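> Whatever this is, show me its structure:
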Amino acid sequence: MHFIRFLKVPTTTSKPSSNIITVSTLITISTDLSEAFYNGNATLRATLRADTQSRQLLASKTVTWTPGLRNIPIQFTFTASKDTATDGIVCISATENRADDMRTLFAGPSESRILSAWSTPFNILQNGSKAEAFVERKLQLSAGKMVRIWEETREDIARHIWPGGLAMTSYLSTLPTPPTGQLPSLTPLLSNPSLNVLELGAGCGLAGIVLHTLLPSTKVTVTDLPITTEITSKNLTSNSNENSNNISYCPLDWASSLPEWCASSTYDLILVADCTYNTASIPYLVGVLDELCGLSPGVVILLAHKVRHDSEEMFFEMAGEKGIEKKESVVFEMAGDRVDLYVMGR
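Below is the predicted model:
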């Protein structure tokens, strides 16, 4: 699984008394932790469109990514007129093997998938104007539904999309017949119209937002450390609808006592996606799950786990000591990334 990222956000360059505008950016295609670059061939389509309802195409170009590249510069040049919109958006996507449709994300171990990137709107007519340090992912779900998820272009790992969240999203989007096979106990649970769901370590809020989009009557609370407040709130706003009162964000620190709003609630389902990579936080995660299982007997935990190192097995050992066991599992192969999906509980 690979992600198109902006190493340098789109920036406008113009000269006084000239209507020739240049917009430039620097992009890469890398893995989730940016520890490896895409080592295949990919044809990329880059577009600059007006940020208006018509989405007028102002400039486009095709560039080729080849093995060994670490980044690739992209530059648009266009002639502005009195009718040119002030703001524009840059989109970079692969012409083949795009990862934007969650219904087809299950790809097997060798097939490549590349997630597209959209910039924030920015002033394309003003010299020196830049897009913000965010990238938008537009993810197609089932039944014609879509979510728009913002993540940061910086290196803060708490505010990025990860393979575990994408695998969980894809599984939920392909129900009732996921290509991975079933997690049987989820079927009756997800048919409950009054489901109360808690997401731990939500980061950008992907899994919780997707579940709420697919099941709007479900009450969802997405949580993470306070540093995620801005990005998660931005994503809740981007995906707001007539049922938005059913989804909310609350900060939650696993190392602290459960806040009253959480300790006084009963949950049916807990979502945990890509939260076991940091072994230092595992005891706190297990502690929170242990407490929540005590407060909500019979609660189901849906865990998405991409194995990065053997020490992560510590999570399952510590959870088992608290009586929290694996009950069902499926393997999600996602273009070279293996994500294990588990139903856990007491």
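
> ok, which stretches of the stretch 201-346 of the chain are helices?
Shown for the stretch 201-346 of the chain, the helices assigned by DSSP state H, counting those that start in this stretch span residues 206-214, 229-238, 260-263, 282-295, 313-321.

> Average pLDDT for the fourth one, rounded please.
It refers to helix 282-295. Helix 282-295 shows an average pLDDT of 97 in the prediction.

> Could you do the last one as well?
Throughout helix 313-321, pLDDT has a mean value of 96.

> helices or strands up against it?
Under the contact criterion of 3 or more CB pairs under 8 Å, 6 or more residues apart in numbering; DSSP states H and E, helix 313-321 touches helix 282-295. For every residue, glycine as well, the C-beta is placed using N, CA and C.

> ok, 10 Å please
Here helix 313-321 touches helix 282-295, strand 300-306, strand 325-334, strand 337-345, going by 3 or more CB pairs under 10 Å, 6 or more residues apart in numbering; DSSP states H and E.

> Out of the ones you listed, which is the most enclosed?
Greatest average neighbour count among the helices and strands packed on helix 313-321 goes to strand 300-306 (a mean of 24), per mean count of other CB atoms under 10 Å.

> Partner strands of that strand and their direction?
Strand pairing for strand 300-306, determined by DSSP bridges: strand 269-273 (parallel), strand 337-345 (antiparallel).

> out of those strands, nearest to T120?
Between T120 and those, the tightest spacing by CB to CB is seen for strand 269-273, at 24.7 Å.

> and the angle from the closest one to helix 313-321?
For strand 269-273 against helix 313-321, the angle by axes from the mean of the first three to the mean of the last three CA atoms, to 10 degrees is 160 degrees.

> In PDB, could you pull the C-alpha coordinates for strand 269-273?
Provided in PDB are the C-alpha atoms of strand 269-273 (Å, rounded to 0.1, in the frame of the first residue of the first chain):
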ATOM      1  CA  LEU A 269     -18.400  -2.100  19.900                       C
ATOM      2  CA  ILE A 270     -14.900  -0.800  20.300                       C
ATOM      3  CA  LEU A 271     -12.800   0.000  17.200                       C
ATOM      4  CA  VAL A 272      -9.000  -0.200  17.500                       C
ATOM      5  CA  ALA A 273      -7.000   0.300  14.300                       C
END
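
> in it, what counts as buried?
Buried residues in strand 269-273, defined by neighbour count with 16 or more other CB atoms under 10 Å: L269, I270, L271, V272, A273.

> Stretch 1-16 now?
By neighbour count on 16+ other CB under 10 Å, the buried set for stretch 1-16 is M1, H2, F3, I4, R5, F6, V9, P10, T11, T12, S14.

> is the third one in a bridge, and if so with what?
Read that as F3. Bridge pairing for F3 - DSSP bridges - gives S30, L115.

> What of the one 5 residues further on?
K8 has these beta-bridge partners by DSSP bridges: L26.

> Tell me how far it lies from V23.
Remark: distance between K8 and V23 (CB to CB, to the nearest Å) = 11 Å.

> which residues are common contacts for these two?
Common neighbours of K8 and V23 are listed as I74, A131 (criterion: CB atoms under 10 Å, 6 or more residues apart in numbering).

> okay, the helices and strands packed on helix 313-321 in CSV with distance to I72 next?
Below are these laid out as CSV (distance: least, CB to CB, whole Å):
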stretch, distance to I72
helix 282-295, 38
strand 300-306, 27
strand 325-334, 24
strand 337-345, 23
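
> closest one to S194 among the ones you listed?
Taking those one by one with CB to CB, strand 300-306 is closest: 14.8 Å.

> Might you calculate how far that closest one sits from the centre of the chain?
Computed by CA atoms, centre = their mean, to the nearest Å, the chain-centroid distance of strand 300-306 equals 16 Å.

> pLDDT (mean, whole number) over it?
96.

> Could you export that strand as CSV, CA atoms only?
Taking C-alpha atoms only, strand 300-306 is exported to CSV below (Å, rounded to 0.1, in the frame of the first residue of the first chain):
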residue,chain,number,x,y,z
VAL,A,300,-17.1,-6.6,21.1
ILE,A,301,-13.6,-5.3,20.1
LEU,A,302,-12.8,-5.0,16.4
LEU,A,303,-9.0,-4.7,16.1
ALA,A,304,-7.0,-4.0,12.9
HIS,A,305,-3.4,-5.0,13.4
LYS,A,306,-0.6,-4.6,10.9
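
> and the angle from it to helix 206-214?
Here strand 300-306 points in a direction 130 degrees away from that of helix 206-214 (the same axes, to 10 degrees).

> Strand 300-306 vs strand 325-334, what angle?
Using the same axes, to 10 degrees: strand 300-306 against strand 325-334 is 40 degrees.

> ok, now which ones touch the residue nearest to the spatial centre of the chain?
In the chain, the centroid-proximal residue (CA atoms, centre = their mean) is I161; its distance is 3.4 Å. With contact set as CB under 10 Å, 6+ apart, I161 has these partners: 3, 32, 115, 135, 137, 139, 149-151, 169, 203-204, 206, 273-274.

> now do 7 Å
R137, I149, E151, C204, L206 (CB atoms under 7 Å, 6 or more residues apart in numbering).

> swap in W254?
Per CB under 7 Å, 6+ apart, neighbours of W254: S281, Y284, L285, G287, V288.

> I'd guessed the second one sits against A255; true?
Yes. Counting by CB atoms under 7 Å, A255 is a contact partner of Y284 at 4.9 Å.
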